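In: Show me the folded form of this:
(chains A and B)
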Amino acid sequence: MSTKTKNMLTTLLTLGMTALAFLLCQLAIVNDWSWMTSTLKGQLVNICAWIIMAVSLNLVVGISGELSLGHAGFMSLGAFSAIIVGSWLKRGMGMESGELRFVIAALSAVLVAGIGGFLIGIPVLRLKGDYLAIVTLAFGQIISNVLRLLYVTVDTDTGSLAMALKIGSGTPKLPGKDIIKGAQGASRMPQDATFVIGFILVMLTLLIVLNLNNSRSGRAIRAIRDNRIAAEAMGLRVTKYKLMAFVTGSALAGLAGALYGLNQSSLQATFFEYNKSIEVLVYVVLGGIGNIWGSIISATTLTILPEMLRSFSEYRMLIYAIVLILVMLATNNPVIKGWFRMVSGRISDRRNRKTGKKEARP
Amino acid sequence: MTQSVKRHSETVMVPFPSDAIVPARDLGKRPVLEARHLGIQFGGLKAVDDFNLTVGPTEIAGLIGPNGAGKTTVFNLLTKVYEPTQGTVLLDGHDTKGLDVTHTARLGVARTFQNIRLFDKMTVEENVRIGLHNKIQYGMVSGILRLPGYWKKERQQHERAMELLRIFNMQDQADAVSGSLPYGAQRRLEILRALATEPKLLLLDEPAAGMNPHETEELMDTIIRIRDQFQIAIMLIEHDMRLVMGICEGICVLNFGQIIAKGTAEEIQNNPVVVEAYLGKQKGAGE
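Out: As a prediction, the model looks like this:
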């Protein structure tokens, strides 16, 4: 089995398993199975959003190899643009179809977050390692702080939008009804996101990230990660490919933001501060850096876990931490690693071992 | 592979245009590399000074010298890892002044590294495919949407990569992770990756390091075969004198950043200045 067929199999397997999980959840909802509690049902869309966040951050951290700590900032850009566009379409333009509203809102979210990623990526990607991490952290925080000053209203009769940033002490006076009210955040937005939409977006994200990874551009991105000097000597444009990974990652984070934002009844900009970025990074690290599959599972588990532990809330974070440590230990255990490898590709593995023997005696 | 390849014994080196020498067959052609008064200064240290060299389009040139002579620094100047503080580098007639590594590479110069620099988490085939990056192209969107262009170009890349891997008989290891290869195979893969960029000038930094005499012998044949098949110039840094004297047509000796001798293998071997640079001044009976 060649690498190419193996890659394609991994892609199909990942998509297939995700689809299977979705079907299982849908069946559980329809048949009212007992494990599908109302809290879990309420979490489904959020789980999809966090999966998209984890997978897109994995593109930046795992595949491109740049430690970015401002991923939640791009999510908030997406969330707030989707809320503005969605609310405007509903309350200003009187658009009836929730799906159509969502599609337009999500597209604008992707666009805004992508442009944001591009503008921030140009200066930031000149840095390396820790410096890049610190600067992305700062930019994430800047986005969150600017959004805290944002006031947006819509005139429900004429459909015109008004926007202002609060500078100084006075609250800006805008005509019409509030969509976003500064530090109080957004409220009364259309809750257009559904589990089906969330599932489609997860599949879309997986398709984009996996296909990108196994294409000419993805190879270039990985080559630059592995050895920047050699990549330059091969005539690769380092900035272009780093930016490609970063902008794709932030655009997908914007998509996750749209999904999350249009699933809440209210949302504040402070929600997307650096601890959210770190949380997403935890998903990525726990699932394995560069491992898309792992990101999906860890994002799902770690979104559900805190809710399940809510009943003994005092020890919640303690147990959360212990689970994290145990999973890390387990995933680094050679026995368990070997088992995973055996499951993931018995045939290709045996072949590798065979060629490995040949290598020893050239 | 094992069949002996005809080496350069009959080549005649001729002056070009003044103090440079190229093989007679390259005389009428534009040289692939011309370094004129090349130099770089790190603080007060002149690492390379007044380096002049001309390499013909099908020449195999050698750059030798004791440790710390500045050989790798010359490679770094030619590929623009360092911007020279004086002098010019002409690659196939193009001045490389102000160009960065990427753009210099696109002019047709490819290199290997003294300390191997493979993309070590990627497979052998993927490494070669990176070399093909600018030769067989398709866009990011085509890759994500798997448009017809993707399938066509991917197949082309695959076929070309396997073709190249066959040069060193590595086609069976195409799917192995390159970081897991033995040392010699990693060196060979680096050469293939550089070849994939279809260079006009191939720079090899100690290609025989870590190889046993038998492997070195094979490498010598392969280097000549590569030159004949691809019709490119090859310039190499090497400490294995058997390899250098065996295949290099023009040899340039560097010591303390300055050229101390240029010539054919015989000329270099009989040059007292070179012998002194390597062995030190001999006193008394030894002449």
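
In: Tell me where the chain has helices.
Out: Defaulting to chain A. Listed in chain order, the helices of chain A (DSSP state H) span A:3-31, A:38-58, A:71-87, A:98-124, A:129-147, A:195-213, A:216-226, A:228-233, A:238-261, A:274-287, A:292-308, A:316-331, A:334-344, A:346-360.

In: Switch to chain B, please.
Out: Under DSSP H, chain B gives helices at B:71-78, B:101-106, B:124-131, B:140-145, B:148-167, B:183-196, B:213-230, B:241-247, B:265-269, B:272-279.

In: now those helices as TSV including mean neighbour count and distance to A:Gly287?
Out: For the C-beta atoms, the positions are set from N, CA and C on the backbone; glycine is no exception. Shown next, in TSV, are the helices of chain B (neighbours: other C-beta atoms under 10 Å in any protein chain shown; distance: least, C-beta to C-beta, whole Å):
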stretch	mean neighbour count	distance to A:Gly287
helix B:71-78	23	40
helix B:101-106	20	33
helix B:124-131	27	23
helix B:140-145	18	22
helix B:148-167	16	28
helix B:183-196	22	30
helix B:213-230	17	42
helix B:241-247	18	48
helix B:265-269	16	58
helix B:272-279	14	56
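
In: Least confident of these, on average?
Out: If you rank the helices of chain B by mean pLDDT, helix B:272-279 sits at the bottom with a mean of 86.

In: Just checking the distance from that helix to the centre of its chain.
Out: With C-alpha atoms, centre = their mean, to the nearest Å as the basis, helix B:272-279 stands 24 Å off its chain's centre.

In: End to end on stretch A:158-169, go ahead and measure it.
Out: In stretch A:158-169, first residue to last residue: 29 Å (C-alpha to C-alpha, to the nearest Å).

In: Give me the buried stretch members for stretch A:151-163, please.
Out: Under the neighbour-count criterion of 16 or more other C-beta atoms under 10 Å in any protein chain shown, stretch A:151-163 has A:Tyr151, A:Val152, A:Thr153, A:Val154, A:Asp155, A:Leu161 buried.

In: Let me know how buried whatever residue of the stretch 101-250 of chain A ends up closest to chain B is, in neighbour terms.
Out: Nearest to chain B, among the residues of the stretch 101-250 of chain A, is A:Ser215, at 2.8 Å (C-beta to the nearest C-beta). Per other C-beta atoms under 10 Å in any protein chain shown, the neighbour tally for A:Ser215 reads 23.

In: want to throw the helices of chain B into a markdown table with distance to chain A?
Out: Shown next, in a markdown table, are the helices of chain B (distance: least, C-beta to the nearest C-beta, whole Å):
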| stretch | distance to chain A |
| --- | --- |
| helix B:71-78 | 10 |
| helix B:101-106 | 4 |
| helix B:124-131 | 5 |
| helix B:140-145 | 3 |
| helix B:148-167 | 7 |
| helix B:183-196 | 6 |
| helix B:213-230 | 9 |
| helix B:241-247 | 19 |
| helix B:265-269 | 29 |
| helix B:272-279 | 29 |
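
In: Is it possible to get a markdown table of the ones you listed that adds distance to A:Leu13?
Out: Formatted as a markdown table, the helices of chain B follow (distance: least, C-beta to C-beta, whole Å):
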| stretch | distance to A:Leu13 |
| --- | --- |
| helix B:71-78 | 45 |
| helix B:101-106 | 36 |
| helix B:124-131 | 20 |
| helix B:140-145 | 19 |
| helix B:148-167 | 20 |
| helix B:183-196 | 29 |
| helix B:213-230 | 40 |
| helix B:241-247 | 48 |
| helix B:265-269 | 58 |
| helix B:272-279 | 60 |
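
In: what's the closest of these to A:Ala223?
Out: helix B:124-131 (4.6 Å; C-beta to C-beta).
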